[in-house]
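>>> My questions are about this predicted structure, shown below with the sequence.
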Amino acid sequence: MALLITPAEVLETAFPATEQFRDDLIRPTMIEVAQLQYLQPVFGALFDALEEERYSDFVSTYIKPPLAYYIRCMVIDELTASVGTLGILQEKSDYGSPASIRLQERLRRQARTTAERLLDRAVGVIEANPESFPEYDPEQNLRHCLLLKGGFIL
């Protein structure tokens with residue numbers, strides 16, 4: 001599976017310049033999981049075609065932004081604590097303390113909401129131009145079939 005975004009593009013899109021973050025912390029497997037979890041259920045057969053050259057402008061404009069914010073959600077979860085031989089630890093330094101659970105949840109919710117609105121925009125473009133996206137079938141889009149609220153399927 002081709003990765004639709006690079007770690008550097010994730011940082012440029014979804015992480016403000018004020019946040020000190022190395023792109024090597026965004027692993028290729030994290031990008032792949034985000035694509036499979038958030039994009040494939042929405043785009044169905046079109047998902048496999050997104051890596052083709054004819055969709056490169058669409059991917060750059062409409063797919064990379066929501067994907068970057070979904071990855072941001074995943075990064076927030078991973079940075080909350082570290083797992084090691086001593087168990088699950090919450091990082092602490094002389095220069096700061098860990099964010100509260102409430103703040104972590106607020107940042108995660110903000111990133112997820114941004115990602116979902118951007119993904120809605122991408123789906124809207126596709127559905128408004130069906131002749132440009134022949135692989136897309138709205139019946140395969142799980143967002144048309146399921147209602148998600150707070151990560152729960154209703």
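Cool, the structure landed.
>>> Tell me where this structure has strands.
Assigned by DSSP state E, the strands in the chain fall at 82-84, 87-89, 148-149, 152-153.
>>> contacting residues around the closest residue to L119 other than its chain neighbours?
Nearest residue to L119 in three dimensions, chain neighbours excluded: P66, at 4.1 Å (Cβ to Cβ, 6 or more residues apart in numbering). (C-beta placed from N, C-alpha, C; glycine too.) Counting by Cβ atoms under 8 Å, 6 or more residues apart in numbering, P66 makes contact with 38, 114-116, 118-119, 122.
>>> okay, the residue nearest the centre of the chain: pLDDT?
The centroid of the chain falls nearest to Y70 when counting by Cα atoms, centre = their mean (1.9 Å). If you check Y70, the pLDDT there is 97.
>>> swap in L25?
85.
>>> was I right about it contacting M74?
No: between L25 and M74 there is no contact under Cβ atoms under 8 Å: 10.9 Å.
>>> more neighbours, the two?
Neighbour comparison, L25 and M74: the larger count goes to M74, with 18 against 12 (by other Cβ atoms under 10 Å).
>>> how about the nearest residue to the more buried one, chain neighbours excluded?
M30 (5.7 Å).
>>> what's the longest helix seen in the chain packed up against?
Identified as the longest helix of the chain according to DSSP state H is helix 101-128. Packing partners of helix 101-128 (3 or more Cβ pairs under 8 Å, 6 or more residues apart in numbering; DSSP states H and E): helix 40-43, helix 64-79.
>>> Recalculate using a threshold of 6 Å.
Helix 101-128 sits against helix 64-79, with contacts defined as 3 or more Cβ pairs under 6 Å, 6 or more residues apart in numbering; DSSP states H and E.
>>> export the helix it packs on as CSV, just CAs?
What follows is helix 64-79, C-alpha atoms only, in CSV (Å, rounded to 0.1, in the frame of the first residue of the first chain):
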residue,chain,number,x,y,z
LYS,A,64,-3.8,14.9,2.9
PRO,A,65,-5.3,17.5,5.2
PRO,A,66,-7.9,15.2,6.9
LEU,A,67,-5.3,12.3,7.0
ALA,A,68,-2.8,14.6,8.7
TYR,A,69,-5.3,15.5,11.4
TYR,A,70,-6.4,11.8,12.0
ILE,A,71,-2.7,11.0,12.4
ARG,A,72,-2.4,13.9,14.9
CYS,A,73,-5.2,12.2,17.0
MET,A,74,-3.1,9.0,17.0
VAL,A,75,0.1,10.9,18.0
ILE,A,76,-1.7,12.5,20.9
ASP,A,77,-2.8,9.1,22.1
GLU,A,78,0.8,7.7,21.8
LEU,A,79,2.3,10.7,23.6
